[in-house]
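> Got a predicted structure here, sequence first:
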Amino acid sequence: METLLSRNLSLAAAAFKAARQLVFPEQCPGCGALMADGNGLCGSCWRETPFILGLVCDLCGTAQIGPDDGTCVHCDACRALERPWARGRAVLDYSGGARRLVLGFKHGDRLDLGPRFARWMAARAGPLLEPGMLIVPVPVHRGRLLRRRYNQAAVLGRLLGRELNLPHLPDALLRTRATPPMAGDGHAARAASLEGAIAAAPRHRARLAGRPVLLVDDVMTSGATLSLCARQLAAAGVPIVNVLVLARAVQHA
């Protein structure tokens with residue numbers, strides 16, 4: 001009886017989805033072209049959007065040259081810096097069509113892109129998952145939150161939690177003071193600007209202690225913000241911090 005009910009509910013859900021697509025066809029988030037599938041991009045936008053596939057740096061997710069034979073590799077940037085997290089992955093290279101999509105989500109109120117991004121991130125999260133894991137987003141200062149009206153990392157964290165069936169703790173980390181824009185700054189300058197700007201929320205320390213954390217953000221550039229977050233989580237008793245970002249912006253010399 002229960003199996004029959006579940007089958008009928010699945011059929012009803014599929015019929016509803018098909019009917020909805022007839023009235024509201026899926027559109028490519030990049031150009032608005034009609035699509036049969038609401039999870040990806042049209043062919044033209046797909047070619048302009050650099051997904052990171054194959055061999056990647058095990059700490060930041062940057063694409064590497066060579067076959068992916070399961071060997072753990074680190075990029076030059078991660079070998080030069082001490083990353084206070086265990087493993088990391090990224091979905092997109094922050095350039096071309098990917099940059100336009102992420103900026104639309106981050107600054108253009110394109111929250112409709114969130115579920116699609118979360119599905120892409122969930123597909124890359126496998127190597128990062130640990131038993132009992134919590135999802136924690138990188139925080140924004142309340143002043144920026146008032147101007148932007150949402151924390152894009154927390155939106156991704158909430159949706160990713162649904163995809164992975166993991167608990168999301170959106171206020172586990174706090175921005176204790178505002179920091180200036182850091183576009184173009186290197187890791188050292190970013191780290192100095194961020195000093196003391198992020199802390200673990202005292203009321204969540206008991207829940208964080210002893211639990212692995214998947215730290216989520218939209219874009220990783222130098223990794224200074226993620227490093228400070230990871231150190232604050234470790235200080236709160238988190239044994240393992242892994243990092244998952246939507247896009248990786250590679251800094252060139």
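Received it, and whenever you're ready, just let me know what you need. Numbering: from 1, shown residues only.
> pLDDT below threshold where in this protein?
Scanning the chain for pLDDT under 70 picks out 1-25, 35-39, 181-185, 251-253.
> Which parts of it are strands?
Applying DSSP state E to the chain gives strands spanning 26-27, 34-35, 87-93, 134-137, 173-175, 198-200, 213-220, 241-248.
> which stretch among the ones you listed comes nearest residue 51?
strand 87-93 (5.9 Å; Cβ to Cβ). C-beta coordinates here come from the backbone N, C-alpha and C atoms, glycine included.
> Next up, the contacts around the closest residue to residue 91 other than its chain neighbours.
In this structure, residue 91 finds its nearest non-sequential neighbour in residue 120, 4.8 Å apart by Cβ to Cβ, 6 or more residues apart in numbering. Counting by Cβ atoms under 8 Å, 6 or more residues apart in numbering, residue 120 touches 91-92, 246.
> if I look at the nearest residue to residue 52 once chain neighbours are set aside, how far off is residue 47?
Using Cβ to Cβ, 6+ apart and skipping the chain neighbours, the partner closest in space to residue 52 is residue 63 (5.0 Å). Separation of residue 63 from residue 47 (Cβ to Cβ, to the nearest Å): 17 Å.
> Settle it for me: which of the two has more neighbours?
residue 63 (17 against 11; other Cβ atoms under 10 Å).
> my guess is that one meets residue 73, correct?
No: Residue 63 is beyond contact range of residue 73, at 10.7 Å (criterion: Cβ atoms under 8 Å).
> Overlap in contacts, the two.
55-56.
> dump the residue contacts of the spatially closest residue to residue 227 that is not a sequence neighbour.
Sequence neighbours aside, residue 84 is the residue nearest to residue 227 in space, at 5.4 Å (criterion: Cβ to Cβ, 6+ apart). By Cβ under 8 Å, 6+ apart, residue 84 lies in contact with 227, 230-231, 234, 241.
> and if you look at residue 46?
Counting by Cβ under 8 Å, 6+ apart, the residues that residue 46 touches are residue 40.
> Next: the one 4 residues further on.
The neighbours of residue 50, taking Cβ under 8 Å, 6+ apart as the test, are 92-93, 95-98.
> Report the two of those residues separated the most.
93 and 97, at 10.2 Å, using Cβ to Cβ across the contacts of residue 50.
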